[in-house]
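Student: Sequence below, structure please.
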Amino acid sequence: MKRAKKVPLLFVAVLMVATVVGCYPALKREAQRPEEALRQVRFFSPKFRDDMESDSLTLAIRRNLEYLNRLPPETVFHYGPHDFTRQQVRETQEAFLNLLSEGLDPGQLNREIRKKFRIYCATGRVGDRRVLFTGYYEPIYEGSLTPDETFRYPLYRQPDDLIKIDLSLFNERLKGENIVARIEGKKVLPYYSRYQIEVERALRGKNLEIAWLKDPLDVAFLHIQGSGRLRLSSQKDLLVNYQASNGRPYRSIGRYMIEKGFVAREEMSMQAIRRYLTENPGVLEEVLNYNPSYVFFRQVENGPLGSLGVLLTPGRSVALDFKVFPKAALGFITCQKPLVNDQGDIIKWTEFSRFVLNQDSGAAIKGAGRVDIFWGSGPYAEVTAGHLKHNGDLYILIKKP
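Tutor: Predicted coordinates:
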């Protein structure tokens, strides 16, 4: 009987290390398609340990099922190179709810997931297998339904002349591509930029104002966060949510401020942006208008709502790029979060992991290497959303046949 050749122990060790370090080669270019964004993990999957209470996860999944139940039965979701039906995604999340209801300890839950679910790993950024995590939150700002000397900066609803054009109607190769435009005579033009709206007052007199705020930075940050609460003088809150954008490309004002030397890279945060621009109002207009993108809002009864039209769950809802990641997917993340003292100062950063749901999107969240975590509202949410910019890993789960 012919014996198999002995495999050198060093080779085995190298192979194991390579597998643990990454379940895929580093991307050489930005992921353009779902099959480039996710790779199935076949051997070394993460330890599925959750740092939050299970009630919030149950709530987030139930909200997810509301979205899935609204979809046509023939809807298909792309998990990397594999396609799954709406029913399979629903069954995945119903099966996960059943596991949560069984009261399993972490070890038991970990074994059941490995046994019953396929696991996919995000391929990360170009040249880097890891994913960059940032955060967003629901801000609360003072507002007014009428303008005066204090409340002078408007928040606009979507203009009637803003149109979204599906380019696939003109060429099949442009499937999934859209432009936002306005019609002027017989011309189709890009919609007004932030500069045209804020400085040239292109929308003045069109009766589009929802409310007015005290500070142009409040308006700008509300655009970035996508939703928020306006505290009126009556102590009543007016909830506003993203409705549309002007279609212009998003440019990071934080990156611009680093390049201009206004804020050091290692000190960059949302809080640092506000502090510098408040102390240096002479560059406020320059910095804000570097980003030509502009967001329009709608008033809602309940919020905040994600791009799927369901209420976001703090700590559980994440924003991913819908072009490469499946909407409403059940995910698992590993990253870092801050420990904060009573004064709101970050003491240190600590590792955490948890299950999440892909329920939102964002102009800056593009490709296979970006995740934005919704942290809710309040001081901790604001601090975390303002400072989180850490590497981690993203996994997506689907039930085995």
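
Student: Please work out which residues outside stretch 273-280 touch it.
Tutor: Contacting residues not belonging to stretch 273-280 are listed as 217, 221, 253, 254, 257, 262, 263, 283, 284, 287, 288 [CB atoms under 8 Å, 6 or more residues apart in numbering]. Every C-beta, even on glycine, is put in place using the N, C-alpha and C of the backbone.

Student: And stretch 37-47, end to end?
Tutor: Start-to-end span of stretch 37-47 (CA to CA, to the nearest Å) is 21 Å.

Student: Which positions in it come out as buried?
Tutor: Going by neighbour count (16 or more other CB atoms under 10 Å), the buried part of stretch 37-47 is 37, 38, 39, 40, 41, 45, 46.

Student: Then stretch 117-136?
Tutor: 117-125, 129-136.

Student: Among these, which lie within strands?
Tutor: Using DSSP state E, the members of these that fall in strands are 117, 118, 119, 120, 121, 122, 131, 132, 133, 134, 135, 136.

Student: show me what contacts the last one?
Tutor: Neighbouring residues of residue 136 by CB under 8 Å, 6+ apart: 224, 225, 226, 319, 362, 372, 373, 374, 375, 385.

Student: cool, the fifth one as well?
Tutor: Contacts were defined as CB under 8 Å, 6+ apart; by that measure residue 121 touches 23, 24, 38, 39, 40, 41, 393, 394, 395, 396.

Student: just the strands in the stretch 251-400 of the chain please.
Tutor: 295-300, 317-319, 330-340, 346-360, 370-374, 389-399 (DSSP state E, counting those that start in this stretch).

Student: Tell me if I'm right that residue 52 and residue 314 touch.
Tutor: No: counting by CB atoms under 8 Å, residue 52 stays clear of residue 314, with 9.3 Å between them.

Student: out of those two, which sits in the more crowded spot?
Tutor: Shown here are residue 52 and residue 314; by other CB atoms under 10 Å, residue 314 has more neighbours (19 against 16).

Student: per-residue pLDDT, the more buried one?
Tutor: At residue 314, the pLDDT value in this model is 97.

Student: Please tell me I have it right and residue 238 contacts residue 298.
Tutor: No: using CB under 8 Å as the test, residue 238 is too far from residue 298 to be in contact (11.2 Å).

Student: Return every residue with contacts to both of these two.
Tutor: Residues touching both residue 238 and residue 298 (CB under 8 Å, 6+ apart): residue 210.

Student: just to revisit the earlier point, now render the strands of the stretch 251-400 of the chain as CSV, adding mean pLDDT.
Tutor: Converted to CSV, the strands of the stretch 251-400 of the chain look like this (pLDDT from 0 to 100):
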stretch, mean pLDDT
strand 295-300, 95
strand 317-319, 98
strand 330-340, 97
strand 346-360, 97
strand 370-374, 97
strand 389-399, 97
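
Student: And the spatially most central residue of the chain, how close does it get to residue 265?
Tutor: Nearest residue to the geometric centre of the chain (CA atoms, centre = their mean): residue 319, 2.2 Å. Look at residue 319 and residue 265: by CB to CB, to the nearest Å, they are 24 Å apart.

Student: ditto for residue 236
Tutor: For residue 236 relative to residue 265 (CB to CB), the value is 41 Å.

Student: and residue 337, how many neighbours?
Tutor: Other residues lying near residue 337 total 21 when counted by other CB under 10 Å.

Student: Need the nearest residue in space to it, chain neighbours excluded.
Tutor: The shortest distance from residue 337 to any non-neighbouring residue, by CB to CB, 6 or more residues apart in numbering, is to residue 352 (5.0 Å).

Student: can I assume the one you found is in contact with residue 339?
Tutor: No: the pair residue 352 and residue 339 fails to qualify as a contact (CB under 8 Å) at a distance of 10.6 Å.

Student: Surely residue 196 touches residue 204?
Tutor: No: look at residue 196 against residue 204 with CB under 8 Å: they stay out of range, at 11.0 Å.

Student: Looking at these two, which is more packed in?
Tutor: Neighbour totals were compared for residue 196 and residue 204, and residue 196 leads with 18 against 11 (other CB under 10 Å).

Student: Go ahead and confirm the residue nearest to the centre of the chain touches residue 372.
Tutor: Yes: between residue 319 and residue 372 there is a contact at 4.0 Å, judged by CB under 8 Å.

Student: overlap in contacts of the two?
Tutor: Contact criterion CB under 8 Å, 6+ apart; residues shared by residue 319 and residue 372: 136, 360, 362, 365.
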